[in-house]
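Participant: Got a predicted structure here, sequence first:
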Amino acid sequence: MTRRNGPTGGKVSCAFNLRAGIDNDRAEFSVSARELREQIPGRVEVVRSFSEATGEILVPLGPGVHLTPHALATVALVFQRSPDVAMLHADEDRLELGRRSQPEFKPVLGPELLQARNPLRGLVAVRRSEMPGIGGVNADAERYAWALACIRALPPHRVRRLPVVLATLDDTAVVDEESERIAVEKHLLATGTAAEVLPGLAPGLRHVRYRLPSPAPRVTLIVPTRNARALVETCVRSVRRTTRYPSYELHLVDNGSDEPEALAAFDALARAGEVALHRDPRPFNFAALNNAAVARSDAELVCLLNNDVEVLHPEWLEEMVSIAMQPGVGAVGAKLLYPDGRIQHGGVLVGLYRAADHAYAGAPGNAPGHAQQLLVRREVSAVTAACLVIRRALYLEVGGLDEEAFPVSFNDVDFCLKLRERGYRNVWTPHARLVHHESASRGRALRPEQKARAERELAALRSRWADTLRDDPCWSPNLSLDSKVPRLAWPPRERRPWSL
């Protein structure tokens, strides 16, 4: 092994005689210099720039980044024992007054998150033979640029996350926002992605605003309801008065309303051209109502929208549609708020409470989230159907919502996991914001038959997605699955082996 020390490119030999905890107290391995020579073909090389790199496995470090004593041995063993791995990244922590103070426990990375912020300032390693070309970026942005290129070019199974702190960052690890913005712009240009890079919701963050095709694709907004006149009128009014998107239609699905004032109000909305009204009096089955409405539509995209949702700003649908039109994207979800401003939906965390639920529900509306998760567009395992945008062809490809197993609950989770199983990325965005009066139209009290149905749906979720519920790749295994707001998992929860 060699280590390239500093910008001058001088090399220093590294020999390991190490017995160290992989993440301090959870697991151990021992490795000697002889074992490394025997096991690792070629060299692991720590570099400040790629221009003079000669090693087989490169570990690029920026200023202010310090590796833990066992970091390189861990990298060497992972690459040796997992020949399919082309790139790996590990957790990191920040130093304040010499003490670790701000750990960042990372999800599996996707292009949306990586474009919005750079979470790879600590330990990252890549096989030099796998590095895509990244010409035309300056030295400050080089590491970020190749990370963007790698995440786009490599299949997800070839990028490995190590849920272990293997690097610390001190006060000299500053963010060059302009260099990172330029790197993202060049990356979008190289991939043929029509977009502009705008300032994000906090310093160091970015909002990549994709350009819509011209003409904008048509969207069918589907709003099921039973009675709930006031909620429906508020929903329809907010959509019609606020939405800037140029090509959409609003379909109101009346599921057996029997209140005269509701029936009259819905007819009035239809006569005024505010909605296309469809009567569907079958017993309540949320999945079936939406499936039937999608089948009636001939729009390129559909938006599932609850009747108790209010639009907050003009760009919400434009933001969601522009993401849904990107290659590889499945379902797109929005940031939903309770009427008092607290967060109702920050993405769905699979495995939460041995099922699935909304991450960050109940947190303050302006909360940044762990590692600024609530301030950036990012990949998630699932999003709620209270506000979900997807290409209609993809909706049909996976068979829509499961009407039999999940007539009311978890149909959106199952739907999103089916998309993910086929290789699509589900995305949550904070740049589309709506108010959700959660379940206001149906209430919360469950009759015995409703409770039995809910238990069947929960059992079906746990049976169908048993492996997935153990490990949400969009959540760190260092974080608990017993809290909607991120907390350390203690005692440490069981994790899958990561090929050491």
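Facilitator: Looks like it arrived, so ask away.
Participant: all helices of the protein, in order?
Facilitator: Under the criterion DSSP state H, the chain contains helices at 33-39, 71-81, 111-116, 142-153, 177-190, 229-242, 260-271, 286-296, 316-324, 392-397, 411-421, 448-464, 466-470.
Participant: Tell me which of those helices approaches Tyr210 most closely.
Facilitator: Within those, the stretch nearest Tyr210 is helix 316-324; the backing value is 3.9 Å (C-beta to C-beta). Placement of C-beta: from N, CA and C, glycine included.
Participant: could you give the angle of that closest one to helix 229-242?
Facilitator: Angle, helix 316-324 to helix 229-242, by axes from the mean of the first three to the mean of the last three C-alpha atoms, to 10 degrees: 80 degrees.
Participant: where's helix 316-324 relative to the chain centroid, distance-wise?
Facilitator: 15 Å (C-alpha atoms, centre = their mean, to the nearest Å).
Participant: Please apply the same query to stretch 309-325.
Facilitator: 17 Å.
Participant: Stretch 276-293 now?
Facilitator: The chain centre lies 30 Å from the centre of stretch 276-293; the measure is C-alpha atoms, centre = their mean.
Participant: Mind listing what's buried along that stretch?
Facilitator: For stretch 276-293, the buried set under the neighbour-count rule, 16 or more other C-beta atoms under 10 Å, comprises 276-278, 280, 285-293.
Participant: And for stretch 357-373?
Facilitator: Asp357, His358, Ala359, Tyr360, Ala361, Ala363, Ala367, Gly369, His370, Ala371, Gln372, Gln373.
Participant: Then stretch 351-358?
Facilitator: Buried residues in stretch 351-358, counted by 16+ other C-beta under 10 Å: Gly351, Leu352, Ala355, Ala356, Asp357, His358.
Participant: One more: stretch 188-199?
Facilitator: For stretch 188-199, the buried set under the neighbour-count rule, 16+ other C-beta under 10 Å, comprises Leu188, Ala190, Thr193, Ala195, Val197.
Participant: Any figure for the gap between the fourth one and Asn291?
Facilitator: Per C-beta to C-beta, to the nearest Å, Ala195 is found 33 Å from Asn291.
Participant: What of the third one?
Facilitator: According to C-beta to C-beta, Thr193 and Asn291 sit 32 Å apart.
Participant: Same check on the first one?
Facilitator: Noted for Leu188: a distance of 35 Å to Asn291, by C-beta to C-beta.
Participant: and Leu317, what is it in contact with?
Facilitator: Val219, Thr243, Arg244, Tyr245, Tyr248, Cys303, Val389, Ala432 (C-beta atoms under 8 Å, 6 or more residues apart in numbering).
Participant: Check the fifth one and give its pLDDT.
Facilitator: Tyr248 is assigned a predicted lDDT (pLDDT) of 98.
Participant: got the contact list for the closest residue to it other than its chain neighbours?
Facilitator: Setting aside the residues directly before and after it, Tyr248 is nearest to Val219 in space (C-beta to C-beta, 6 or more residues apart in numbering), at 4.4 Å. For Val219, the contacting residues are Tyr245, Ser247, Tyr248, Glu249, Ala299, Glu300, Leu301, Val302, Cys303, Leu317, Val321, Val389, by C-beta under 8 Å, 6+ apart.
Participant: residues near the first one, how many?
Facilitator: Using other C-beta atoms under 10 Å, the number of residues around Tyr245 comes to 22.
Participant: what's the nearest residue to it if we skip its chain neighbours?
Facilitator: Residue nearest to Tyr245 in three dimensions, not counting chain neighbours: Leu317, with 4.0 Å by C-beta to C-beta, 6+ apart.
Participant: With the last one instead?
Facilitator: Distances taken as C-beta to C-beta, 6+ apart put Met320 closest to Val389, at 4.1 Å, once the chain neighbours are dropped.
Participant: was I right about that neighbour contacting Arg433?
Facilitator: No: the pair Met320 / Arg433 is not scored as a contact, 10.9 Å apart, by C-beta atoms under 8 Å.
Participant: joint contacts of those two?
Facilitator: Joint contacts of Met320 and Arg433 (C-beta under 8 Å, 6+ apart) are Ala334.
Participant: These two - which one has more neighbours?
Facilitator: Neighbours of Met320 and Arg433, each counted by other C-beta under 10 Å, are more numerous for Met320; the result is 26 against 18.
Participant: Name all residues that make contact with the more buried one.
Facilitator: Met320 touches Cys303, Val332, Ala334, Cys387, Val389, Thr429, Ala432, counting by C-beta under 8 Å, 6+ apart.
Participant: before we move on, what about Phe50?
Facilitator: Leu58, Pro60, Met131, Glu142, Trp146.
Participant: Looking at these, spot the one nearest Glu261.
Facilitator: Minimum distance to Glu261 across the contacts of Phe50 is 61.6 Å, recorded for Trp146 (C-beta to C-beta).
Participant: Beta-bridge partners for Gly333, please?
Facilitator: Using DSSP bridges, the bridge partners assigned to Gly333 are Leu388, Trp428.
Participant: and it, how many neighbours?
Facilitator: Gly333 has 29 neighbouring residues, counting by other C-beta under 10 Å.
Participant: so Phe191 touches Arg152, yeah?
Facilitator: No, residue 191 isn't Phe; it's Thr. Yes: when contacts are counted by C-beta under 8 Å, Thr191 is listed as touching Arg152 (6.2 Å).
Participant: CA-only coordinates of stretch 58-67 in PDB, if you can.
Facilitator: Coordinates of the C-alpha atoms in stretch 58-67 are reproduced here as PDB (Å, rounded to 0.1, in the frame of the first residue of the first chain):
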ATOM      1  CA  LEU A  58      -8.200   5.400  -4.700                       C
ATOM      2  CA  VAL A  59      -9.200   7.200  -1.600                       C
ATOM      3  CA  PRO A  60      -9.400  10.900  -2.300                       C
ATOM      4  CA  LEU A  61      -9.200  13.200   0.700                       C
ATOM      5  CA  GLY A  62     -10.000  16.900   0.900                       C
ATOM      6  CA  PRO A  63      -8.500  19.400   3.300                       C
ATOM      7  CA  GLY A  64      -9.400  18.800   7.000                       C
ATOM      8  CA  VAL A  65     -10.400  15.200   6.600                       C
ATOM      9  CA  HIS A  66      -8.700  12.600   8.800                       C
ATOM     10  CA  LEU A  67      -9.100   8.800   8.500                       C
END
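Participant: Which of the contacts of Val219 fall in strands?
Facilitator: Judged by DSSP state E, strands contain the following of the contacts of Val219: Tyr248, Glu249, Leu301, Val302, Cys303, Val389.
Participant: Is the fifth one bridged to anything, and to what?
Facilitator: Read that as Cys303. On the basis of DSSP bridges, Cys303 is bridged to Leu221, Val389.
Participant: Could you dump the contacts of Phe50 into JSON lines and include distance to Glu96?
Facilitator: As requested, the contacts of Phe50 are exported to JSON lines (distance: C-beta to C-beta, whole Å):
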{"residue": "Leu58", "distance to Glu96": "29"}
{"residue": "Pro60", "distance to Glu96": "24"}
{"residue": "Met131", "distance to Glu96": "34"}
{"residue": "Glu142", "distance to Glu96": "28"}
{"residue": "Trp146", "distance to Glu96": "29"}
